[in-house]
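# for reference, the sequence and a predicted model appear below.
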Amino acid sequence: MYSNYNYKNLVGQHCYGYTPKSIIHIMSNGPSGESCYNCTHYISGNGNCSQNLYEAMSSVFKNN
């Protein structure tokens, strides 16, 4: 079963609104390369997306 961290990695990799905080995150092939945590829309205080993109995409992954 996936944890919230894994879902944020999956969503970040497939999110059409993903905008990396720095060029280093674009080039990273590691597990945290394209994740919500490295996106400019991620709000670290509450763990949500400022564009409300995470909720809709995470429900797709959780249902499949």
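Perfect, I can see it now.
# list the contacts of the nearest residue to Ser50 once chain neighbours are set aside.
Closest residue in space to Ser50, ignoring its immediate chain neighbours: His41 at 4.7 Å, by CB to CB, 6 or more residues apart in numbering. Yep, even glycine has a C-beta here, placed from its N, CA and C like the rest. Going by CB atoms under 8 Å, 6 or more residues apart in numbering, His41 touches 17-19, 49-51, 53.
# looking at those residues, which is nearest Leu10?
Nearest to Leu10 out of the contacts of His41 is Tyr18 (CB to CB; 11.7 Å).
# got a list of contacts for the helix or strand harbouring Ser58?
Here Ser58 sits within helix 54-63, counting by DSSP states H and E. Here helix 54-63 makes contact (CB under 8 Å, 6+ apart) with 2, 7-8, 10-11, 14-15, 36, 48-49.
# turn those residues into CSV, columns for secondary structure and distance to Ile23.
Output for those, formatted as CSV (DSSP: H, G, I helix; E, B strand; the rest coil; distance: CB to CB, whole Å):
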residue, secondary structure, distance to Ile23
Tyr2, coil, 28
Tyr7, helix, 25
Lys8, helix, 20
Leu10, helix, 22
Val11, helix, 21
His14, helix, 20
Cys15, coil, 18
Cys36, helix, 18
Asn48, strand, 25
Cys49, strand, 21
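# tell me the centre residue of the chain?
Cys36 (2.4 Å; CA atoms, centre = their mean).
# what sits against the nearest residue to that residue once chain neighbours are set aside?
Distance criterion CB to CB, 6+ apart; nearest residue to Cys36, sequence neighbours excluded, is Lys8 at 3.9 Å. Applying CB under 8 Å, 6+ apart to Lys8 gives the contacts 35-37, 54.
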